[in-house]
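Enquirer: what follows is a predicted protein model with its sequence.
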Amino acid sequence: MARRKIVAGNWKMNKTPKEAIDLVNELKPLVVSDDVDVVFCVPAINILTVGEAIKGTNINLGAQNMYHEESGAYTGEISPNMLQEAGVKYVIIGHSERREYFKEDDEMLNKKVLKAFEHGLTPILCCGESLTQRKQGIYIDWIRMQIKIAFQGVTADQAKTAVIAYEPIWAIGTGETATSDQAEEVCAAVRQCIREIYDDATAEAIRIQYGGSVNGKNANELFSKPNIDGGLIGGASLKADFGNIVNYK
Ligand code: PEP
């Protein structure tokens, strides 16, 4: 069975609650699609307001992060059960900005992935290499390690529903997109890694996105590759161009 494409916008730390509603209203008619799952991963403070604004549309609610405990003395954090009750369906885990600026490591991300599943949230697990790692030729090994640790203890049935976003760090927010062949090479390697951990059925079911300077012009070529099941979109998710990415064909 063909995998359904998934295009998720990562708004990062952009848009006040009022601005968020304006953006949702602008994008709502542009992101209508019968065959692509659309997700808006909004700042935590906008989750409830955007949740209301997307009611009755094809847009799914997503978060950009969560902590791996249900409650307690973790000042500033947000729990998976809070997200679930607020109507969140998807949660980005391990974005390279969180790995770099907030020192999130693979072991912590594994705990987050497990907790997300426990609370009925679908993780969008990010992986990707730096430019140095690409030049050193170790990028596939690096990404395989990220995946193997993040999926420890995850069952095959859970993994089948997961989303992995391959995001080369050198392509995020830089305007420099990986070529479709570069992106396909890594997405195929990620799928192969899932096949080795689980089985063919899991590898064929899991959805793997590419992220890194995707826009309305390059989306079609990227998403036409056999192992690329959509994209995780930063900058362009804040503009009308996001509609062109969702309707990439
Ligand atoms: C991202 O932050 O996940 C991302 C891919 O950003 P951009 O599309 O701006 O490169």
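Expert: It's in.

Enquirer: which secondary structure element is home to the residue of the chain most remote from its centre?
Expert: Here the centre of the chain is the reference, and by CA atoms, centre = their mean the most remote residue is residue 73, at 27.7 Å. Taking DSSP states H and E as the definition, one finds residue 73 inside no helix or strand.

Enquirer: quick one, longest helix in this protein?
Expert: Longest helix in the chain, counting residues (DSSP state H): helix 180-197.

Enquirer: list the buried residues for that one?
Expert: By neighbour count with 16 or more other CB atoms under 10 Å, helix 180-197 contains the buried residues 180, 182-191, 193-194, 197. For the C-beta atoms, the positions are set from N, CA and C on the backbone; glycine is no exception.

Enquirer: residue 219 against residue 247, yeah?
Expert: No: contact between residue 219 and residue 247 fails when scored by CB atoms under 8 Å: they sit 9.0 Å apart.

Enquirer: look at the two and report which has more neighbours.
Expert: Comparing residue 219 with residue 247 by neighbour count (other CB atoms under 10 Å), the higher total belongs to residue 219, at 26 against 17.

Enquirer: just to revisit the earlier point, what is the longest helix of the chain packed up against?
Expert: On a contact count with 3 or more CB pairs under 8 Å, 6 or more residues apart in numbering; DSSP states H and E, helix 180-197 meets helix 139-150, strand 163-166, helix 200-205, strand 207-211, helix 219-223.

Enquirer: do that again at 10 Å, thanks
Expert: Counting by 3 or more CB pairs under 10 Å, 6 or more residues apart in numbering; DSSP states H and E, the packing neighbours recorded for helix 180-197 are strand 122-127, helix 139-150, helix 156-161, strand 163-166, helix 200-205, strand 207-211, helix 219-223.

Enquirer: what's the mean pLDDT across that helix?
Expert: Averaged over helix 180-197, pLDDT sits at 98.

Enquirer: for it, C-alpha coordinates in CSV please.
Expert: Extracted C-alpha coordinates of helix 180-197, given in CSV (Å, rounded to 0.1, in the frame of the first residue of the first chain):
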residue,chain,number,x,y,z
SER,A,180,16.8,15.2,-4.3
ASP,A,181,19.4,12.4,-4.8
GLN,A,182,21.2,13.3,-1.6
ALA,A,183,17.9,13.4,0.3
GLU,A,184,16.7,10.1,-1.2
GLU,A,185,20.0,8.4,-0.4
VAL,A,186,19.6,9.2,3.3
CYS,A,187,15.9,8.5,3.5
ALA,A,188,16.4,5.1,1.9
ALA,A,189,19.2,4.4,4.4
VAL,A,190,16.8,5.4,7.3
ARG,A,191,14.2,3.0,5.9
GLN,A,192,16.8,0.3,5.7
CYS,A,193,17.8,0.9,9.3
ILE,A,194,14.2,0.5,10.3
ARG,A,195,14.0,-2.7,8.3
GLU,A,196,17.0,-4.1,10.2
ILE,A,197,15.6,-3.1,13.6
